[in-house]
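1. need coordinates for the following:
(2 chains)
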Amino acid sequence: MSGTFVGMPVFPPPAHAAFPPPAHAAFLPPAHAAFLPPAHPAFPKAAHEAVHNTTLRGNLRHATHTIRAKRAKAVAEVSDWAALREAGKQIKDHTLRHLDGYLVRLEEAVTAAGGTVHWAADADEANRIVTELVKATGETEVVKVKSMATQEIGLNEALEAEGIHAYETDLAELIVQLGKDRPSHILVPAIHRNRGEIRDIFAREMSEWGRPAPEGLTDTPAELAEAARLHLREKFLRAKVGVSGANFMVAETGTLVVVESEGNGRMCLTLPETLISVVGIEKIVPTWQDLEVLLQTLPRSSTAERMNPYTSMWTGTTDEDGPQTFHLVLLDNGRTDTLADEVGRQALRCIRCSACLNVCPVYERAGGHAYGSVYPGPIGAILSPQLRGTASEIDASLPYASSLCGACYEVCPVAIDIPEVLVHLRERVAEGGRVTKDGNKVVLKPAKGHAAERAAMRAARWAFSHPGALRTGQRLASRTRRFQPRTLPGPGKAWSASRDLPSLPAEPFRDWWQRTHGGDRR
Amino acid sequence: MRVALFLTCVNDTLYPDTGRAVVKLLTRLGVDVDFPMGQTCCGQAHYNTGYRHEAEPLARHFSDVFGEYEAIVTPSGSCGAMVRELYPRMGERARAEGRGDTLARTLAPVVPKTYELTEFLVDVLGVTDVGAYYPHTVTYHPTCHGLRSLGLGDRPRRLLQAVKGLELRELPGADECCGFGGTFAVKNPDVSAAMGADKVRNAESTGADVLCAADNSCLMHIGGTMGRLDTGMRPVHIAEILASTEEEPMS
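-> Now for the predicted structure:
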């Protein structure tokens, strides 16, 4: 190994119980209604619109191809990338296997450093905790940064319902919020917007939220950035409460880590008097040495940088410096259920780099909104149906939103075999089976709408188990080939709508073989 | 060497020319080829659509039919990947479900001796110049399973470069999926068609007469799109190019 990092992790034998984790108080089945996604059309329908939106297609194609090429270059610079990737995978797997122990260690460390830890089993509970914490400060405004977890639980809407305004301060999140839009990418939430669209949003909306955009704003990047800077600075200087997520939590010291490019996150993390961080329980790593690996693979995989411009770390509170009150809300929301699935649990290794989105040919054409989730792209297609279950139309369709080309697996810095999980979840949708829901083992029925497909699969399996029947079918097809339609009925209609069907040959191969090679040798 | 041709159900039914080309090519290279008549389907479509339990009897059937051969050769990257990559996984899953080692033991013999055609030529026979003649401009599409599951690497391109009369043209965005993906093409028709159209446009930009690949399923999708977009290009399986000689040219 040629040394860009200390080396493959060697973990001491864990002192705590092995997987599955015993039910910690926070992991008990929630009493509240399960978190269900808002009604959203199935993926193919949502993608239909996006595929035919030429502006969106152009924006996405340009952005994903640019970052794809840059990432490949940044990764190629590291001679031991494969070893780093394997180390990242092992660190995350080890941590997940002993998640219970590391979370307790984290809680102790955060508490010892002057912070307060809250455990949230689901979205409702997390929203209630954060809302109460904000209310206790007497404030009605919060600044926010870097938190997919709060988007996952719909925190902004929950705060709004209680009269608290949440301002997004990440530049792309700001564009999304001002545009009354939804994020469409993990790293670049406004990837679907071009400069002209952003100018129009700023000019139209900024005054509604605070400092208006300067007169005569053009679409040059410098002017757009300056408009955002002026608008946001007012918010940073006024805000008494900050809400953040975290990229990592280090169990040994109770330290939280945010990596970012703009510095807006650092403003959010240091200027307010109260900081509330909402973080998924899977974001934990045992030690600082583990961070060493992931702080190398994350920036290269996401922004194609050797190192991101800003890495902020905070540990509890410090007298007269930074927030004087710190709360950490640890969010489960389907994660322990996911952890119970031996194939699907690898999705929890994800460090949210978005490399899989940028190489995915399906994401590139369908756009992030089609996935109906804060987590779009290949990782979203395996994460959302696990965190939310496969009951809704969109969640049942997500495992099929892939051609299984494998490009996502190839680029994943923690080696999540996304195609494997996709197929595993297809099985769950098509055949049902045992899953863990709210901590209980339940048996799922197959999703609706798969009966005809299941029958066809069974029939095909029967024919393929009987070579004679297959042969009769092939011969029949060949002999009637002149009478066969050039378009297909039923589900096959979609195929012949944009592609010519292959013409059937006069003779299947096996007949030719028998005719020329003298029969069945076996 | 007693080699079995696993042609695949798609090729058997729709693309017998590919099968005839493989037989012609391997026979020319001195290989004793057999076509076990009991063969049907590897179960890939079932497995990848979420019907693993329907795929299991097909995998067992495959093992019954092919188990005794020294090598199994298939002109399909994705069906080759099904056997090599996914049969072991099926065995593991059965074990995890508490069904013991029976399936894993049944499937194990066929896994290491199943080869995709170009892999067999380069790795087992040790040839890159197969004595072919094909006077056309060709661009090569490395199919996803060949590229990523089997890791075929530059083997197909080395074989093509050694073909007399053939001019190989680089395909822009070669490693991007054509959008077929089995049932994906039916379940997500809009995205699939958009991917196919982009692949065809990239192929057209090379000015080649022929787009070649080592998998007829992908070629069916790409060719169907070419026909609809009226490009004048043709999809051709790599086996048909490698089988073509000056004495017996394939069109």
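2. spit out the contact partners of the nearest residue to B:L86 once chain neighbours are set aside.
-> Excluding its sequence neighbours, the residue lying closest to B:L86 (C-beta to C-beta, 6 or more residues apart in numbering or on different chains) is B:Y47, at 5.9 Å. (Each C-beta comes from the backbone N, C-alpha and C, glycine too.) B:Y47 makes contact with A:423, B:55, B:82, B:86, B:90 under the criterion C-beta atoms under 8 Å, 6 or more residues apart in numbering or on different chains.
3. residues making contact with the helix or strand harbouring A:N358?
-> Assigned by DSSP states H and E, A:N358 falls within helix A:355-359. Applying C-beta under 8 Å, 6+ apart, the contact partners of helix A:355-359 are A:64, A:67-68, A:71, A:185-187, A:301-302, A:363, A:368, A:376-379, A:407-408, A:410-413, A:416, A:418.
4. please narrow those residues to those residing in helices.
-> In this view, these that belong to helices under DSSP state H are A:64, A:67-68, A:71, A:301-302, A:363, A:377-379, A:407-408, A:410-411, A:418.
5. could you work out the most separated pair of those?
-> Farthest apart among these by C-beta to C-beta are A:I67 and A:I418. That separation is 18.3 Å.
6. so between those two, which is more surrounded?
-> More neighbours sit around A:I418 than around the other of A:I67 and A:I418, counting by other C-beta atoms under 10 Å in any protein chain shown; the figures are 28 against 22.
7. that one and A:E173, how far apart?
-> A:I418 sits 25 Å away from A:E173, taking C-beta to C-beta, to the nearest Å as the criterion.
8. likewise for A:G367?
-> As defined by C-beta to C-beta, A:G367 lies at a distance of 17 Å from A:E173.
9. can you check A:T55 too?
-> Shown here: A:T55 relative to A:E173, a distance of 21 Å by C-beta to C-beta.
10. can you pick out the residue with more neighbours from those two?
-> More neighbours surround A:E173 than the other of A:T55 and A:E173, with 20 against 12 (other C-beta under 10 Å).
11. check which helices and strands whatever helix or strand the more buried one lives in sits against.
-> Take DSSP H and E as the rule and A:E173 turns out to sit in helix A:171-178. Helices and strands in packing contact with helix A:171-178 are listed as strand A:165-168, helix A:195-209, helix A:221-238; criterion 3 or more C-beta pairs under 8 Å, 6 or more residues apart in numbering or on different chains; DSSP states H and E.
12. can I get the CA coordinates of the longest one in CSV?
-> Output of helix A:221-238 as CSV, limited to C-alpha atoms (Å, rounded to 0.1, in the frame of the first residue of the first chain):
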residue,chain,number,x,y,z
PRO,A,221,-21.7,33.9,-11.5
ALA,A,222,-19.9,36.7,-9.6
GLU,A,223,-23.0,38.9,-9.5
LEU,A,224,-25.3,36.0,-8.5
ALA,A,225,-22.8,35.1,-5.7
GLU,A,226,-22.6,38.6,-4.5
ALA,A,227,-26.4,38.9,-4.4
ALA,A,228,-26.6,35.8,-2.3
ARG,A,229,-23.8,36.9,-0.1
LEU,A,230,-25.4,40.2,0.8
HIS,A,231,-28.8,38.5,1.3
LEU,A,232,-27.4,35.8,3.6
ARG,A,233,-25.0,38.0,5.6
GLU,A,234,-28.0,39.7,7.1
LYS,A,235,-29.4,36.4,8.2
PHE,A,236,-26.2,35.1,9.7
LEU,A,237,-25.7,38.3,11.8
ARG,A,238,-29.3,38.3,13.0
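13. which secondary structure elements does that helix sit against?
-> Other helices and strands packing on helix A:221-238, by 3+ C-beta pairs under 8 Å, 6+ apart, are strand A:141-145, helix A:171-178, helix A:195-209, helix A:264-270.
14. check contacts around the residue positioned nearest the centre of chain A.
-> For chain A, A:Y375 is the residue whose C-alpha lies nearest the centre (C-alpha atoms, centre = their mean; 3.4 Å). When contacts are counted by C-beta under 8 Å, 6+ apart, A:Y375 touches A:148, A:152, A:186, A:383-384.
15. if we go to 10 Å?
-> By C-beta atoms under 10 Å, 6 or more residues apart in numbering or on different chains, the contact set of A:Y375 is A:148, A:151-152, A:183, A:186, A:347, A:350, A:352, A:354, A:357, A:368, A:381-384, A:387, A:398.
16. and for B:P36?
-> The neighbours of B:P36, taking C-beta under 10 Å, 6+ apart as the test, are A:467, A:520-522, B:4-7, B:62, B:64-66, B:68-69, B:72.
17. now A:L56
-> A:49-50, A:184, A:191-194, A:365-369.
18. please produce a PyMOL select command covering the buried subset of these.
-> If you want just the buried ones from the contacts of A:L56 in PyMOL, going by 16 or more other C-beta atoms under 10 Å in any protein chain shown, the selection is:
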select buried, chain A and resi 50+184+191+192+193+194+365+366+367+368+369
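19. quick one: low-confidence ranges for the chain?
-> Went with chain A since none was named. Across chain A, the stretches falling below the confidence threshold (pLDDT under 70) are A:1-2, A:12-38, A:485-486, A:519-522.
20. hmm, no, I was thinking of chain B.
-> For chain B, applying pLDDT under 70 flags the ranges B:251.
21. tell me the helices in it, going along the chain?
-> Along chain B, the segments classed as helices by DSSP H run B:9-14, B:16-28, B:44-49, B:52-66, B:77-81, B:87-96, B:102-107, B:117-119, B:144, B:155-161, B:184-187, B:189-204, B:216-229, B:238-243.
22. so which residues of chain A form strands?
-> Assigned strands in chain A, in chain order: A:116-120, A:141-145, A:165-168, A:241-244, A:248-250, A:255-260, A:274-280, A:284-285, A:310-315, A:325-331, A:433-437, A:440-444 (criterion: DSSP state E).
23. now the ones you listed as JSON lines including distance to chain B and mean neighbour count?
-> Compiled in JSON lines, the strands of chain A are given as follows (distance: least, C-beta to the nearest C-beta, whole Å; neighbours: other C-beta atoms under 10 Å in any protein chain shown):
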{"stretch": "strand A:116-120", "distance to chain B": "31", "mean neighbour count": "20"}
{"stretch": "strand A:141-145", "distance to chain B": "33", "mean neighbour count": "24"}
{"stretch": "strand A:165-168", "distance to chain B": "30", "mean neighbour count": "22"}
{"stretch": "strand A:241-244", "distance to chain B": "35", "mean neighbour count": "26"}
{"stretch": "strand A:248-250", "distance to chain B": "29", "mean neighbour count": "24"}
{"stretch": "strand A:255-260", "distance to chain B": "29", "mean neighbour count": "22"}
{"stretch": "strand A:274-280", "distance to chain B": "26", "mean neighbour count": "24"}
{"stretch": "strand A:284-285", "distance to chain B": "26", "mean neighbour count": "25"}
{"stretch": "strand A:310-315", "distance to chain B": "33", "mean neighbour count": "18"}
{"stretch": "strand A:325-331", "distance to chain B": "29", "mean neighbour count": "23"}
{"stretch": "strand A:433-437", "distance to chain B": "9", "mean neighbour count": "16"}
{"stretch": "strand A:440-444", "distance to chain B": "13", "mean neighbour count": "11"}
